[in-house]
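K.L.:
Predicted model and sequence follow; I will ask about them next.
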Amino acid sequence: MKFLHTADWHLGRTVRGHSREVEHQAMLDQMLEHAERHAVDCVLVAGDLFDTSTPAPESERLAYQFFTGLHALRVPAVVIAGNHDHPRRIDAVAPLLKALNVHAIGHPVGPDQGGVVVIPSRDGGETAVVAALPWVLDRDAIDFAMLPAESAKSLTQYAERVKLGLDALCRDFGPSTINILMAHLFVDESVVGQDGGEREITVSQGIYGLARQMLPTQSNSSYTVPSYIALGHVHRPQRVWPSPPAWYSGSPIQQDFGEARQEKFVNLVEVHPGQSADVTQLPMTAGRAMLDVGTSQHGVHLSELASWADEVGDAWLRVFIEVEEPLANLPEVVRAHLPHAVHVERVRHNAERPGGQPPLATLGPEQLFDAFYRSSLGRAHEPTPGTLQLFRELLHEEMNASTSD
């Protein structure tokens, strides 16, 4: 069987107030083309269809037209809510989507309540079992109707509860079926941020993190393990575990400047019973690029802007500019040469910074917090260990709430 794995569409997202609806339409059209060209048996959407929990009607129209297009191709889909989606909203439209052979799951539920979906192949010769876990809030943990009550009560850690939920969903896997696990979650040590950029971060386990070793494998599971693990939540495409292969497909277009110059894909997954999946990354080229002109440490000069026009094309631009004196109309001056500049920032040199402080872009998250703390309360005050620990937990939570750094 063949699957198309995608996630993190963030329909309705804008770039500095500019609509991206045309790009989102082109993105979904390209995915339909991939589904048709490769004759996939099912599309897996691993969460964050929308950018907010209350999407605009235009965003909902894009999503549901896509599923209507899949239905016309006779391709079913399994969809889960991400942290940006409203789970009740997804559950509310689930009965309607079922008419299009789209299985939508908003809240985490057990196998008997819809958390496991059976998908036959086009020719009827193979059967896939898709175990689906939407985003799990810490305060909600999991709908523990799916778990043994005594086990649920004994677990206090978020990761332990999620692991138990994954195990409960995967127990329907068998040796004669194609077994897929789909989840919207953060796997420890996943890489977010730019490719080699100043904000590339490998994030370790926090309150919403799941250690890689907790993904179902032969060594830690008493059931038949998945042939493929389809993940959503991290926007940078990457494999996070080799066997069974666990992948973030990544967002299908660059969502913000933290993803500048990232190549975007959907995953074509080919798999048969008892075998590990073969994964091919299919390029997604529908979205406009997000590009930086200059950097936060080394800006460009006004005289150089005209030479950039042909190079950047129609990309959304973040421009770092060096000028001797502040200009009140600097954004307008820049846009006269680069009309798609949606963010214009004047680069300040060290000599202009109070006390010769280093550029903020060179600081890590904790250093930035320390600098903010001292600037607010006075340089003699430093954060206490407890304050720093609280900051680390909030940082991990925010990284999980928005991974488009």
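P.N.:
That came through fine.

K.L.:
Can you mark which positions in stretch 33-42 are buried?
P.N.:
Buried residues in stretch 33-42, counting neighbours by 16 or more other C-beta atoms under 10 Å, are found at 34-35, 40-42. (Glycine included, C-beta is placed from N, CA and C.)

K.L.:
Of those, just say which sits nearest to D292.
P.N.:
Nearest to D292 among these, counting by C-beta to C-beta, is H34 at 29.1 Å.

K.L.:
For the helix or strand hosting the closest one, name the packing helices and strands.
P.N.:
Taking DSSP states H and E as the criterion, H34 maps to helix 21-37. On a contact count with 3 or more C-beta pairs under 8 Å, 6 or more residues apart in numbering; DSSP states H and E, helix 21-37 meets strand 2-6, helix 57-72, strand 265-270.

K.L.:
which of the residues in it are buried?
P.N.:
Those would be 21, 23-28, 30-32, 34-35, for helix 21-37 by 16+ other C-beta under 10 Å.

K.L.:
Following element in sequence after that helix, please.
P.N.:
strand 42-45.

K.L.:
before we move on, the earlier item: kindly calculate the angle that the helix holding H34 makes with strand 2-6.
P.N.:
Interaxial angle, helix 21-37 versus strand 2-6 (axes from the mean of the first three to the mean of the last three C-alpha atoms, to 10 degrees): 170 degrees.

K.L.:
how far off strand 265-270 does helix 21-37 point, in degrees?
P.N.:
Using the same axes, to 10 degrees: helix 21-37 against strand 265-270 is 20 degrees.

K.L.:
begin at 70 from here
P.N.:
Sure thing, new numbering starts at 70, so read that last one as helix 90-106.

K.L.:
where do the helices sit along this structure?
P.N.:
90-106, 126-141, 156-167, 218-223, 227-239, 374-381, 399-406, 434-446, 454-470 (DSSP state H).

K.L.:
And the ones you listed: which comes nearest G194?
P.N.:
Of all the helices of the chain, it is helix 90-106 that lies closest to G194, at 19.6 Å by C-beta to C-beta.

K.L.:
Name the residues that touch that closest one?
P.N.:
Residues outside helix 90-106 that contact it (C-beta atoms under 8 Å, 6 or more residues apart in numbering) are 73, 75, 78, 80, 109, 112, 127-128, 131-132, 134-135, 138-139, 142, 144, 321-322, 335, 337, 351, 353-357.

K.L.:
so it versus helix 126-141, what angle?
P.N.:
In terms of direction (the same axes, to 10 degrees), helix 90-106 departs from helix 126-141 by 10 degrees.

K.L.:
CA-only coordinates of helix 90-106 in PDB, if you can.
P.N.:
Extracted in PDB, the C-alpha atoms of helix 90-106 (Å, rounded to 0.1, in the frame of the first residue of the first chain):
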ATOM      1  CA  GLU A  90      -4.500  31.900   0.900                       C
ATOM      2  CA  VAL A  91      -3.300  31.600  -2.700                       C
ATOM      3  CA  GLU A  92      -0.300  29.700  -1.600                       C
ATOM      4  CA  HIS A  93      -2.300  27.400   0.600                       C
ATOM      5  CA  GLN A  94      -4.600  26.600  -2.400                       C
ATOM      6  CA  ALA A  95      -1.600  25.900  -4.600                       C
ATOM      7  CA  MET A  96      -0.100  23.700  -1.800                       C
ATOM      8  CA  LEU A  97      -3.200  21.600  -1.500                       C
ATOM      9  CA  ASP A  98      -3.600  21.300  -5.300                       C
ATOM     10  CA  GLN A  99       0.000  20.000  -5.500                       C
ATOM     11  CA  MET A 100      -0.800  17.400  -2.800                       C
ATOM     12  CA  LEU A 101      -3.800  16.200  -4.800                       C
ATOM     13  CA  GLU A 102      -1.500  15.900  -7.800                       C
ATOM     14  CA  HIS A 103       1.000  13.800  -5.800                       C
ATOM     15  CA  ALA A 104      -1.900  11.600  -4.500                       C
ATOM     16  CA  GLU A 105      -3.200  11.000  -8.100                       C
ATOM     17  CA  ARG A 106       0.200  10.600  -9.700                       C
END
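
K.L.:
Fine, thanks again, bye for now.
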